[in-house]
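> got a predicted structure plus its sequence, pasted below:
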Amino acid sequence: QHEGHVSAGPTAFFKVSNLVTSENVPEHGVSTSHVPELNLHGFGTRLGHRVGRFLGSLFPHNTELEGRQVVTFHNQRDFIFVRRHRYVFFEGKEKDKEAGHNKTRARLQELGPRFSLKLRWIQEGTFDTQFGEYEWYHKRKE
């Protein structure tokens, strides 16, 4: 379980599962200290926008493109799948007839770690057990 918050809120509580550390990702690359780009998928609902903005606020907003790193948050069926990759450009074998040179291709190399998040609750402002107002919480099936 992980609790994260931004200085003035909101506060969110996630369950972390399926953690695979960087060392255990097959053929993983080595991450650098560059600030990654963020890629958010499946955050189209009102709650999704809120969670997407929250996750985006956890990273600095000065992306360093020369690091060619991207962190993907993919929201599907109430789970957020998190992956970190490096993208690499290379000259393909196929010829671009208009440009007169080979087409540029891209591939991804996973850096890790990889894990899944399940949102348990969001509280307005900073965490307050006594007077905190919950914007949203996961209702368990009975």
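Cool, got the structure.
> double-check that residue 51 belongs to a helix.
Yes. Counting by DSSP: H, G, I helix; E, B strand; the rest coil, residue 51 is part of a helix.
> number the chain from 831, please
Renumbered: residue one is now 831, and that last one reads residue 881.
> and it, how far is that from residue 842?
Per Cβ to Cβ, to the nearest Å, residue 881 is found 7 Å from residue 842. Quick note: C-beta positions are derived from backbone N, CA and C, even for glycine.
> need the residues touching each of those two.
Listed as contacting both residue 881 and residue 842 by Cβ atoms under 8 Å, 6 or more residues apart in numbering are 949, 952.
> give me the low-pLDDT residue ranges for this structure?
831-837, 972 (pLDDT under 70).
> let's go with 80 and repeat that
Low-confidence segments of the chain (pLDDT under 80): 831-839, 922, 926-927, 929-931, 957-962, 970-972.
> is the residue nearest the centre of it in a helix, a strand, or coil?
Centroid-nearest residue in the chain, with Cα atoms, centre = their mean: residue 903, separated by 3.1 Å. Secondary structure assignment for residue 903 (three-state DSSP): strand.
> what sits against it?
Residue 903 neighbours (Cβ under 8 Å, 6+ apart): 868, 869, 870, 871, 873, 882, 885, 910, 911, 912.
> how about a cut-off of 7 Å?
Residues near residue 903 by Cβ atoms under 7 Å, 6 or more residues apart in numbering: 870, 885, 910, 912.
> stretch 858-870: how far from the chain's middle?
Here stretch 858-870 shows a centroid-to-chain-centroid distance of 10 Å under the convention Cα atoms, centre = their mean, to the nearest Å.
> nice, that's everything, thank you.
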